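Asks: have a look at this prediction, sequence included:
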Amino acid sequence: DAGVIQSPRHEVTEMGQEVTLRCKPISGHDYLFWYRQTMMRGLELLIYFNNNVPIDDSGMPEDRFSAKMPNASFSTLKIQPSEPRDSAVYFCASSLPGPTGELFFGEGSRLTVL
Amino acid sequence: GDSVTQMEGPVTLSEEAFLTINCTYTATGYPSLFWYVQYPGEGLQLLLKATKADDKGSNKGFEATYRKETTSFHLEKGSVQVSDSAVYFCALHKAAGNKLTFGGGTRVLVKP
């Protein structure tokens, strides 16, 4: 079975540019999470969805960040405009129905903003 | 709020050594506890879990026991291999809100 698929794996962009990260969750999973990982702050939950509806976006750092889940098989995380401090690895994860705590993570998208 | 504290790394060991990574938590109610592992260049994956006090989670030779009296969930392995080199994350989960709260991660390096 395919796992969580993220794209791109690596993105290098210049400050001020728009960045879009994409995620395809595991089929049948109804929770989707976006995390950010940095050396300084560790793993931070940015936002999560249940059945395509955003449930908690309290971790989204500022208005430059937005996330959507138009259907059960696709989600995007957008940063506009990007800044160097946004450089991080962004992970998408999904989980089965029910609050189990058992997340399946993608391989991450490494973002570098110059 | 809820929080997880784990020992800072890196932890450097020789192959076949005993590994312990300490994890303590602060939470109201009755959380479930998890260990996730992140191998180089990959996402996190679930290693083991325990859902209630005195439960022991185990997988791939790793074990951890949910100790409510000490609010701890220490990870142990009796004989590590080079392939165990990774970053290990302790986490707690409460059904209400369905969010995992992660510790800062502990990097483990096993040398041959």
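Replies: Noted; the coordinates are in hand. Residues are numbered from 1 along each chain as shown, chains lettered A, B, ... in the order given.

Asks: so what sits opposite the closest residue to A:Ile26 other than its chain neighbours in the bridge?
Replies: Nearest residue to A:Ile26 in three dimensions, chain neighbours excluded: A:Ser94, at 5.1 Å (C-beta to C-beta, 6 or more residues apart in numbering or on different chains). Yep, even glycine has a C-beta here, placed from its N, CA and C like the rest. Beta-bridge partners for A:Ser94, by DSSP bridges, are A:Leu32, A:Phe104.

Asks: what does chain B put close to chain A?
Replies: B:32, B:34, B:36, B:41-46, B:49, B:89, B:91, B:93, B:95-100, B:102-105 (C-beta under 8 Å from any C-beta of the partner chain).

Asks: mind redoing it with 10 Å?
Replies: Contact residues of chain B with respect to chain A, defined by C-beta under 10 Å from any C-beta of the partner chain, are listed as B:31-34, B:36, B:38, B:41-46, B:49, B:51, B:87, B:89, B:91-105.

Asks: state the distance from the residue nearest the centre of chain A to chain B.
Replies: Nearest to the mean C-alpha position of chain A, counting by C-alpha atoms, centre = their mean, stands A:Trp34 at 3.2 Å. Note on A:Trp34: its distance to chain B, by C-beta to the nearest C-beta, to the nearest Å, is 12 Å.

Asks: any idea which helix or strand carries that residue?
Replies: For A:Trp34, the host element (DSSP states H and E) is strand A:31-38.

Asks: by contact count, what packs against that strand?
Replies: Under the contact criterion of 3 or more C-beta pairs under 10 Å, 6 or more residues apart in numbering or on different chains; DSSP states H and E, strand A:31-38 touches strand A:19-24, strand A:42-50, strand A:53-56, strand A:65-71, strand A:74-79, strand A:88-95, strand A:104-105, strand B:99-102.

Asks: touching, B:Ala50 and B:Ser58? I think so.
Replies: Yes - with contact defined as C-beta atoms under 10 Å, B:Ala50 counts as touching B:Ser58 (9.5 Å).

Asks: so which of the two has more stuff around it?
Replies: Neighbours of B:Ala50 and B:Ser58, each counted by other C-beta atoms under 10 Å in any protein chain shown, are more numerous for B:Ala50; the result is 21 against 14.

Asks: still on that earlier bit, show the contacting residues for the residue nearest to A:Ile26.
Replies: By C-beta atoms under 10 Å, 6 or more residues apart in numbering or on different chains, the contact list for A:Ser94 reads A:3-4, A:23-33, A:48-49, A:72, A:75, A:103-106.

Asks: would you mind measuring from it to B:Asn98?
Replies: Shown here: A:Ser94 relative to B:Asn98, a distance of 12 Å by C-beta to C-beta, to the nearest Å.

Asks: do B:Asn22 as well
Replies: According to C-beta to C-beta, B:Asn22 and B:Asn98 sit 26 Å apart.

Asks: please identify which of those two sits among more neighbours.
Replies: B:Asn98 (18 against 14).

Asks: what's near enough to touch the more buried one?
Replies: B:Asn98 makes contacts with A:Tyr31, A:Phe33, A:Tyr48, A:Asn50, A:Ile55, A:Asp56, A:Ser95, A:Gly98, A:Pro99, A:Thr100, A:Gly101, as judged by C-beta under 10 Å, 6+ apart.

Asks: next, the buried residues of the strand ranked longest in chain B.
Replies: Counting by DSSP state E, the longest strand found in chain B is strand B:86-94. Neighbour counts over strand B:86-94 (16 or more other C-beta atoms under 10 Å in any protein chain shown) mark B:Ala86, B:Val87, B:Tyr88, B:Phe89, B:Cys90, B:Ala91, B:Leu92, B:His93, B:Lys94 as buried.

Asks: I'm done for today, thanks for sticking with me.
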